[in-house]
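>>> Sharing a sequence plus its predicted fold:
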Amino acid sequence: VPIRTIQDRYPPIELLRYAGLFAWFCASIPLLLMYAWYTEPLGTEQYLGWWILHLLFGFTYWNQVRELPVRTGMPHRLLTVSVLSVTALGVSLMSKTALGGILLLVVGGLLPWMLPVGVAVAWLLGQNIALVLVLSTISDIPVSDAALTGGLFLAVSLFAFMSGMVGLRQNEARDELRKVNSELRATQALLADNTRIAERVRIARELHDLVGHHLTALTLNLEVATHLVEGKALEHVQQAHSLAKVLLADVRE
């Protein structure tokens with residue numbers, strides 16, 4: 001009985017999905033505790049915009065992660081990543097906090113599954129630079145603090161990015177292993193078929209060489225016997241001769 005490992009029970013895609021969902025949920029806690037969290041509550045429009053952007057990020061992320069690794073075209077993948085990054089930055093802009101950086105961490109872990117390595121690294125750097133620019137537009141956050149916060153989120157995003165890269169490589173290795181295993185099973189089945197065919201050929205050769213030889217000799221002897229006997233004995237010899245010829249034809253076939 002095969003032993004199921006943790007990787008079999010919880011594939012990397014499932015772990016990535018639920019880890020990102022948990023981070024998204026943690027980023028939504030200030031939404032639920034807004035009036036207790038902030039000394040100066042946000043306006044209604046900002047609060048609703050925050051909710052809409054946060055829910056749009058979660059919906060896009062959840063539906064996209066279900067299809068990892070992505071099989072769609074590059075335009076669709078770029079659109080998906082753009083929606084995730086823009087909504088994350090929008091959360092920071094609407095809430096006037098760095099909460100969007102948490103969502104960008106989720107995007108960082110997703111990038112290796114969505115884009116080529118070079119494009120993914122450039123996107124990772126770009127979205128963190130955009131986070132610094134967004135934070136610098138908030139009046140009560142100095143530019144130096146915005147840069148420091150962006151640098152911290154970039155460091156953690158790189159860790160999430162590398163974790164996603166490891167998960168992707170592991171998933172590709174598992175797929176390759178499944179492919180090799182399938183080819184091995186097919187080869188084993190082919191070898192078994194070849195063994196059976198070889199056995200049938202050996203048996204057919206023995207039937208043709210041994211039994212066929214004896215039947216040919218028997219047919220010839222019965223042919224001679226038909227010229228040496230008379231009466232009822234001749235009738236039986238002729239029947240035996242006919243049966244021997246039929247049997248010889250069956251063996252050859």
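Received, thanks. The structure displayed is predicted, hence computed values, not measured ones. Numbers count the residues shown, from 1 in each chain.

>>> lowest-pLDDT helix or strand in this structure?
helix 6-9 (a mean of 54; mean pLDDT, DSSP states H and E).

>>> so where's the stretch 1-150 of the chain shaky on pLDDT?
With pLDDT under 70 as the threshold, the stretch 1-150 of the chain has low-confidence stretches at 1-13, 34-42, 67-70, 139.

>>> Give me the residue at the spatial middle of this structure.
residue 175 (6.0 Å; C-alpha atoms, centre = their mean).

>>> Which helix or strand contains that one?
helix 143-206 (DSSP states H and E).

>>> With residue 239 instead?
helix 232-252.

>>> Which residues does that helix contact?
207-208, 211-212, 215-216, 218-219, 222-223, 225-226, 229 (C-beta atoms under 8 Å, 6 or more residues apart in numbering). For glycine as for every other residue, the C-beta is placed from the backbone atoms N, C-alpha and C.

>>> Buried residues of the helix or strand hosting residue 22, list them for me.
Element membership for residue 22 (DSSP H and E) is helix 12-32. For helix 12-32, a neighbour-count test (16 or more other C-beta atoms under 10 Å) marks 12-13, 16-17, 20, 23-24, 27-28, 30-31 as buried.

>>> same thing with stretch 214-232?
Under the neighbour-count rule (16+ other C-beta under 10 Å), stretch 214-232 has 215, 218-219, 222, 225 buried.

>>> repeat for stretch 80-97
80-81, 83-97.

>>> CA-only coordinates of that stretch in CSV, if you can.
Extracted in CSV, the C-alpha atoms of stretch 80-97 (Å, rounded to 0.1, in the frame of the first residue of the first chain):
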residue,chain,number,x,y,z
THR,A,80,-4.9,39.0,-14.0
VAL,A,81,-1.6,40.2,-12.4
SER,A,82,-2.5,43.8,-13.2
VAL,A,83,-5.9,43.5,-11.5
LEU,A,84,-4.3,42.0,-8.4
SER,A,85,-1.5,44.7,-8.2
VAL,A,86,-3.8,47.6,-9.0
THR,A,87,-6.4,46.6,-6.4
ALA,A,88,-3.7,46.0,-3.8
LEU,A,89,-2.2,49.5,-4.4
GLY,A,90,-5.8,50.9,-4.4
VAL,A,91,-6.3,49.4,-1.0
SER,A,92,-3.3,51.3,0.4
LEU,A,93,-4.5,54.5,-1.4
MET,A,94,-8.1,54.2,0.0
SER,A,95,-7.1,53.2,3.5
LYS,A,96,-4.1,55.6,3.7
THR,A,97,-2.0,52.7,5.1
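
>>> how far does that stretch sit from the chain's center?
30 Å (C-alpha atoms, centre = their mean, to the nearest Å).
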